[in-house]
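> For reference, the sequence and a predicted model appear below.
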Amino acid sequence: MICRKVVYRNFRNLEEAELIPSEGVTVLNGENGQGKTNTLEGIFVFAGGRSFRTLHESELVRFGAPFSEISMTYFDGKRDCLMSLKWIPESGKRICKKNGVFLTKLSEVVGNFRAVLFCPEHLSLVKDGPAVRRRFLDTAISQIDPLYLKVLQLYSRLLAQRNALIRLSREKHDDSIFLSQAEIWSERLAKEAALLSEKRSVYVEKLNVLVSSLLSDMTGGKESASLSYTSYKTEEEYFKLLTSNTERELKFGTTLYGIHKDDIKIEHCGKEARAFASQGQQRSLALAMKLAEGEISKEKDGEYPVFLFDDILSELDSGRREYLLHGISGRQVIITSCEKISTKAKLYFVRGGKLSAAE
Ligand code: ATP
Ligand code: MG
């Protein structure tokens, strides 16, 4: 996967800008608040179908502008493709096209262009609570499996509806509102939960093998890791949990079982990484997870995704920085940095929402 060219119009602070990355490493260099992350965000939206920074798409439109548009030409391993995304805040519309054909659903947008984003918040992938790890799985699996995203969206809707019923019961002090419908909603939720759980389980198994070997590589064989998805359940198991705990759910006011409660268990040298691994060791693990995400993405069609590193190098010590830059040779990488990085990379300066390639 090669990102050949991106054209921005009214995207955040980029009024009009053009980026032509090299097929190897490209560095976006500039001071704080100039538009480096915005530039990467504009590439990532094609992979994730939405921003990694906000769920409110109107924020992507440059202040005061009537619309925002980005177009990207990329090579998918077989041919050059042209994708464009346009947001019109007044009508609340988002228009996506690939090679002239409209893509209306998010699940049609995601899965065309693939990218692995690595930003400072991912460095706490191991340390933080389970929500970041669930988001990691969702973003990674959606890009290689369109069905996953479709089912995940359906699951979120069913969950919101089931939760709304629980809340209504509490507000009206009438348990029967929820209890009379609990079985039907639990049945539907359990079906989708099991499908997603199965897919997460398969993904984490792959991740486990890759992360173990990457971490061992990174530390000269000194450190080991194991990742497991301990939340796996069948449809029957989910259904049983959901239907036999309705009283508790009414007490807590929310659905207590399902894939929205999942986690990945991560061990470092045989002990729980969150509790026992040092900050540096946790960061190495996070790094290995991100590189592994790229390897699994490549399995889809033999093409590496594009790696987008936002402000990550300054957070890493020289050993890990070297490993990262060395470990990703042969792939396209776009890096943002406030500091000058001495590489043979193609260099762009980012200043006040303008991109200029260094001579
Ligand atoms: P840092 O090094 O601090 O991470 P950066 O170069 O990555 O900085 P960005 O996050 O890309 O900076 O943001 C640059 C600027 O874009 C910010 O000053 C912000 O105010 C501005 N900005 C964000 N959204 C919009 C918008 N919709 N319209 C205009 N400007 C915006
Ligand atoms: Mg930034």
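Now that the structure is in, tell me what you want to look at. Ligands and ions are numbered 1, 2, ... in the order given.
> Counting neighbours, which bits of stretch 251-262 end up buried?
Buried residues in stretch 251-262, counting neighbours by 16 or more other Cβ atoms under 10 Å, are found at Thr255, Leu256, Tyr257, Gly258, Ile259, His260, Asp262. The way it works is simple: take the backbone N, C-alpha and C, and place the C-beta from them, glycine included.
> want to throw the residues you listed into a markdown table with secondary structure, pLDDT and distance to ligand 1?
Formatted as a markdown table, those follow (DSSP: H, G, I helix; E, B strand; the rest coil; pLDDT from 0 to 100; distance: Cβ to the nearest ligand atom, whole Å):
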| residue | secondary structure | pLDDT | distance to ligand 1 |
| --- | --- | --- | --- |
| Thr255 | coil | 97 | 35 |
| Leu256 | coil | 97 | 37 |
| Tyr257 | coil | 96 | 38 |
| Gly258 | coil | 96 | 34 |
| Ile259 | helix | 97 | 32 |
| His260 | helix | 97 | 29 |
| Asp262 | coil | 94 | 31 |
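> ok, of those residues, which one's closest to Arg134?
Using Cβ to Cβ, Asp262 comes nearest to Arg134 of these, at 5.7 Å.
> Which residues are in contact with the residue in the stretch 1-150 of the chain positioned nearest to ligand 2?
The stretch 1-150 of the chain approaches ligand 2 most closely through Thr37 (3.2 Å), counting by Cβ to the ion. Shown in contact with Thr37 (Cβ atoms under 8 Å, 6 or more residues apart in numbering): Arg53, Cys119, Asp310, Asp311, Thr336.
> ok, and which of those reach ligand 2?
Counting by Cβ under 5 Å from the ion, nothing from the contacts of Thr37 sits close to ligand 2.
> In helices, which of the residues you listed appear?
The members of these all map outside helices under DSSP state H.
> Which of these has the largest number of neighbours?
Highest neighbour count within these: Thr336, with 26 neighbours (other Cβ atoms under 10 Å).
> Any figure for the gap between that residue and ligand 1?
Relative to ligand 1, Thr336 is positioned 6 Å away (Cβ to the nearest ligand atom, to the nearest Å).
> Same question for Lys206.
To ligand 1, Lys206 is 32 Å away according to Cβ to the nearest ligand atom.
> surely that residue meets Ile296?
Yes - Lys206 is in contact with Ile296 according to Cβ atoms under 8 Å; the separation is 5.3 Å.
> neighbour count winner among these two?
Between Lys206 and Ile296, counting by other Cβ under 10 Å, Ile296 is the more crowded of the two (19 against 15).
> what about that one, which SS state?
At Ile296 the chain is in helix, as set by DSSP: H, G, I helix; E, B strand; the rest coil.
> With Ser226 instead?
Taking three-state DSSP, the label given to Ser226 is strand.
> which residues sit in contact with Arg53?
Arg53 makes contacts with Thr37, Glu41, as judged by Cβ under 8 Å, 6+ apart.
> Give me the distance between it and Glu121.
10 Å (Cβ to Cβ, to the nearest Å).
> In this structure Ala358 contacts Lys340, no?
No - the criterion here is Cβ under 8 Å, and Ala358 misses it with Lys340 at 10.6 Å.
> which residues are in contact with the helix or strand harbouring Glu247?
Secondary structure assignment for Glu247, by DSSP states H and E: helix 246-252. Under the contact criterion Cβ under 8 Å, 6+ apart, helix 246-252 has outside partners Ile166, Ser169, Arg170, Asp175, Phe178, Leu179, Ala182, Thr255, Leu256.
> List the buried residues in it.
So for helix 246-252, counting by 16+ other Cβ under 10 Å, buried means Thr246, Glu249, Leu250.
> Please work out the average pLDDT along it.
Across helix 246-252, the average pLDDT comes to 96.
> Same question for stretch 299-306.
pLDDT averaged over stretch 299-306 gives 94.
> Surely Ala65 and Arg12 touch.
No - under the criterion of Cβ under 8 Å, Ala65 makes no contact with Arg12, lying 10.0 Å away.
> neighbours of the closest residue in space to Ser176 that isn't next to it in sequence, just the number please.
Nearest in space to Ser176, with sequence neighbours left out and distances taken as Cβ to Cβ, 6 or more residues apart in numbering, is Ser169 at 7.6 Å. Applying other Cβ under 10 Å, we find 22 residues neighbouring Ser169.
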